[in-house]
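*Asks:* Provided below for reference: sequence and predicted model.
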Amino acid sequence: MTYTMWIILTASLVGLSCGLIGVYLILKKQAMMADAISHTVLLGIVSAYLVTQQMTGTAMLVGGILAGLLTAFLVQSLNNLKVQHDASLGIVFTTLFAIGVILISTSVGNVHLDVQHALMGEITFVPFATIDIPLIGAVPKATALLGLVLIVVIFFIIAFYKEWKITSFDPALAASIGIPVVFFHYLFMTLVSITTVASFDAVGAILVVAMLITPAAAAYLWTDKLVVMLFLSGGFGVLSAITGYWVATWLDTSISGSMAFATGCIFFISFIFSPKHGLISKWVRPAGVSEEQGI
Amino acid sequence: MLSNLLHTNTMWVMTSTMILGIAAGGIGCLAYWKKQNLMSDALSHAALPGVVVAFFIIQEKNLLLLVIGAAISALLGAFLIQWITNTSRITEDTAMGMILSVFYGGGVMLLAIANRSAGGNQSGLNSFIYGQAAAMVRSDVITMMVLASIVIFIIFIAFKEWKLFLFDASFAKGIGLSVRGMNVLYTTVLVTTIVIGIQAVGVILMAAMLIIPAVSARYWTHSFKMMIILSSVVGGISGAAGTWISSTGSGLPTGPFIVLVSATIFVLSLLFGKEKGIIIRFIQFKIQQRSSKEDYPLTAGKGGSQ
C-alpha cells in the first residue's frame, strides 16, 4: 500500500467509527459530552505517558478511557449536586484540560507531545510509525488501533442493538424494564473515549468532535430509522474524510481541519436539501400540510 | 518572586487579566441564568476563522482588528446555531458542537495557509490562539482593558434591565423594554468578552472564565446583584493569581493556571458555600434528622437507627 492509501484508509476509519458512535451521541442529546471527553482525553494520554514513560497504544487507550470515565463521572456528580448540566460539563472539561496542558508544559517537556499536535493531529505522520501484524504485514500503528476500535464499536453496537435503542430514545422505559441504564451510560462513554483516543493521532482533540457529531446530525436530517441513520452517518464520515483529504492536498493545508470542514459542508447540504427536514422541502410544503399528514 | 511582580510588563499583564476576569465573571452570570454556559465555548472556537481572515487582510497582528474579525465570525456562529436550532430538529447542543468544531476546522485550515505564507508564526498568531498573556505588548493590554471596561460598564449600568430580561421577560416586554434589543446587546457583550479573552487564556479555556466564577458565586448568595459582584471578584482574583503563578516560572502557560485557580475557588465554594454548599447541606440534614427524631421518636427510632 502506498503512503497516500494509508492516509486515506486511516481517515476513513476515523470517519466510520466516529460516524457510528455519533449517531447515539445525537440521539442521547449528549453532543457536548463528546466535546468534553475529547478535551479531557488529553489529560489521560499525558498521565499515561508520565506513568509509563512511553507512548504505546495500550497505555494511551487505558489513559483515555480512564479520563473519559472520570469526566462522565464528575459531570454526573456535579449534576447530582444541582449544578446545571452544561455548567458542570464546562467546569469539568476545562479544569481537566488545564491540568493536562500544565503537565505537558512542565514535565513532559515536548518529548513526544505538544499541545498543538494534540489539538490538531497530524495524519501525515501516521504512516511512518508501523507495527508488524501477522498475515497482514506492516501496518501503521494508528491505523491498526483505529481498526481495532472500529471492530469493538461495531461489536458493541450489534450486540446491544436493542438496549442502545431503548436507552437512547426512552431512558425511563429502559430503566423500568430492567435495563441497567447507568451501566450502559458508562459503557457508551467508554466507547466514546476509545474512539477519541484512537482518532487522536489522525485528527486531534477538537476536530474529532466534528467527526463525531456532524455526520450523525446530517444523517438525522435524512431519515427516521436508526439502522439507516447508522449507515448514512458512517458513510458521511468516510465521505468527508476522503473529500477532506483531497481538498487539503489540493490547497496544501491542514488535513484534519479540512476533514472537519467537509463534514460541515455535508451537513449544510443536508440542511438545505434533505427531503424531510430540509429548508427547501419546508418552504415548498406549507407547515399545515405536513402536520395533517402526520409526517 | 517579588522582583517578578514588580516587573512592569507582568504588572500590566496582571492588571489586564484581572479586568478580563471581572468582565468575564459578570457576563458569566448572565450566561448562567440564560442557561447558555456552553455557548461561550462554542463561540470562542467559532472566533478562530475570523482571527485568521483578519490577519490575512491586514497582514499584521493588530489586536483591535483581530478582535473585530473574531467578533464577526463568533456572531456568525451564534446566528447559525440559532438558525439551525430553530428551523430543524437538530437540538441546540448538537448545533453548538457542530458549529464549534466545523468553524474551528475551517480556522485550522486557514491557519495552516497563513503560517505557510505570511510568516504567521513569528507574528504571534499562534500565541493569540493558544493564549499566552505574557506575550501581550502594551498596546494589546490597553485595547483589552478599554474593551473589558466597556463590558463591565454595560453590565452594571443596565443592571435592572438585565434582571428583568433574565427573570421575567414578559414583564420586561410589558413595560416597553425591547427584549430583542437586550438579546442583541447580550450577545454582543458576550462575544466581546470572549474575543478579548482569547488572547490571554486561549480559545479552549475561555469558557472556564465565564462559567466557573458564576457557578462558584451561586454557592454564596441568592441575590442576583451579589452574585454578579461575587462572580466578578472570583474572576478578577483568578485572573490576577493565575497570571502571577505562571509568571514565576519560565514557559508556564497563563490560561491553564487561571482556570486552575478558579477551579480551586469553585471546589471551596462547593464545599463551604453558604447556600447549598455540601457541608452546610450535610449539617442541615443532620439537624433535621435530629429534630424529626425528637418529634416522632417511635417512627424515627425504627427507621433511622443505623
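*Replies:* Arrived safely.
*Asks:* and the closest residue to chain A within chain B, what pLDDT?
*Replies:* Proximity of chain B to chain A (CB to the nearest CB) peaks at B:Gly105, 2.5 Å away. Every residue, glycine included, has its C-beta placed from N, CA and C. Among the per-residue scores, B:Gly105 holds a pLDDT of 89.
*Asks:* ok now do it, which residues does it touch?
*Replies:* Counting by CB atoms under 8 Å, 6 or more residues apart in numbering or on different chains, B:Gly105 touches A:Leu207, A:Ala210, A:Ser256, A:Gly257, A:Ser258, A:Met259, A:Ala260, A:Phe261, A:Thr263, A:Gly264.
*Asks:* Does the fifth one touch A:Leu251 like I think?
*Replies:* When you say that, I think you mean A:Ser258. Yes: counting by CB atoms under 8 Å, A:Leu251 is a contact partner of A:Ser258 at 7.3 Å.
*Asks:* Touching both of those two, which residues are there?
*Replies:* Common neighbours of A:Ser258 and A:Leu251 (criterion: CB under 8 Å, 6+ apart): B:Met109.
*Asks:* who's more crowded, those two?
*Replies:* A:Ser258 (26 against 13; other CB atoms under 10 Å in any protein chain shown).
*Asks:* Filter the contacts of B:Gly105 down to the buried ones.
*Replies:* Listed as buried from the contacts of B:Gly105 are A:Leu207, A:Ala210, A:Ser256, A:Gly257, A:Ser258, A:Met259, A:Ala260, A:Phe261, A:Thr263, A:Gly264; burial here means 16 or more other CB atoms under 10 Å in any protein chain shown.
*Asks:* Mind checking which of the residues you listed are in helices?
*Replies:* Secondary structure of those is defined by DSSP state H; positions in helices are A:Leu207, A:Ala210, A:Ser256, A:Gly257, A:Ser258, A:Met259, A:Ala260, A:Phe261, A:Thr263, A:Gly264.
*Asks:* Which ones among those residues also lie next to chain B?
*Replies:* Checked against chain B using CB under 8 Å from any CB of the partner chain, these yield the following neighbours: A:Leu207, A:Ala210, A:Ser256, A:Gly257, A:Ser258, A:Met259, A:Ala260, A:Phe261, A:Thr263, A:Gly264.
*Asks:* For those, work out which two are farthest apart.
*Replies:* Greatest spatial distance among those (CB to CB): A:Ser256 and A:Gly264, at 13.1 Å.
*Asks:* worst-scoring helix or strand of chain B, pLDDT-wise?
*Replies:* Lowest by mean pLDDT, DSSP states H and E among the helices and strands of chain B is helix B:2-6, with a mean of 52.
*Asks:* Which residues of the stretch 1-150 of chain B lie near chain A?
*Replies:* Residues of the stretch 1-150 of chain B found near chain A (CB under 8 Å from any CB) are B:32, B:35-38, B:40-41, B:45, B:84, B:87-91, B:93-98, B:100-113, B:116, B:126, B:130.
*Asks:* do that again at 7 Å, thanks
*Replies:* Listed as neighbours of chain A in the stretch 1-150 of chain B under the rule CB under 7 Å from any CB of the partner chain: B:32, B:35, B:37-38, B:41, B:84, B:87-91, B:93-94, B:96-98, B:100-102, B:104-106, B:108-109, B:112-113, B:130.
*Asks:* Can you name the residues of the stretch 151-300 of chain B sitting close to chain A?
*Replies:* Residues of the stretch 151-300 of chain B lying close to chain A by CB under 7 Å from any CB are B:204-205, B:207-208, B:211-212, B:215, B:251-253, B:256-257, B:259-260, B:263, B:266, B:270, B:276.
*Asks:* before we move on, back to that, and the ones in helices among the buried ones among the contacts of B:Gly105 as JSON lines, adding pLDDT and distance to A:Trp164?
*Replies:* Supplementary listing: these in JSON lines, determined by pLDDT from 0 to 100; distance: CB to CB, whole Å:
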{"residue": "A:Leu207", "pLDDT": "82", "distance to A:Trp164": "25"}
{"residue": "A:Ala210", "pLDDT": "91", "distance to A:Trp164": "23"}
{"residue": "A:Ser256", "pLDDT": "85", "distance to A:Trp164": "28"}
{"residue": "A:Gly257", "pLDDT": "87", "distance to A:Trp164": "31"}
{"residue": "A:Ser258", "pLDDT": "90", "distance to A:Trp164": "31"}
{"residue": "A:Met259", "pLDDT": "90", "distance to A:Trp164": "26"}
{"residue": "A:Ala260", "pLDDT": "90", "distance to A:Trp164": "26"}
{"residue": "A:Phe261", "pLDDT": "91", "distance to A:Trp164": "30"}
{"residue": "A:Thr263", "pLDDT": "93", "distance to A:Trp164": "23"}
{"residue": "A:Gly264", "pLDDT": "93", "distance to A:Trp164": "27"}
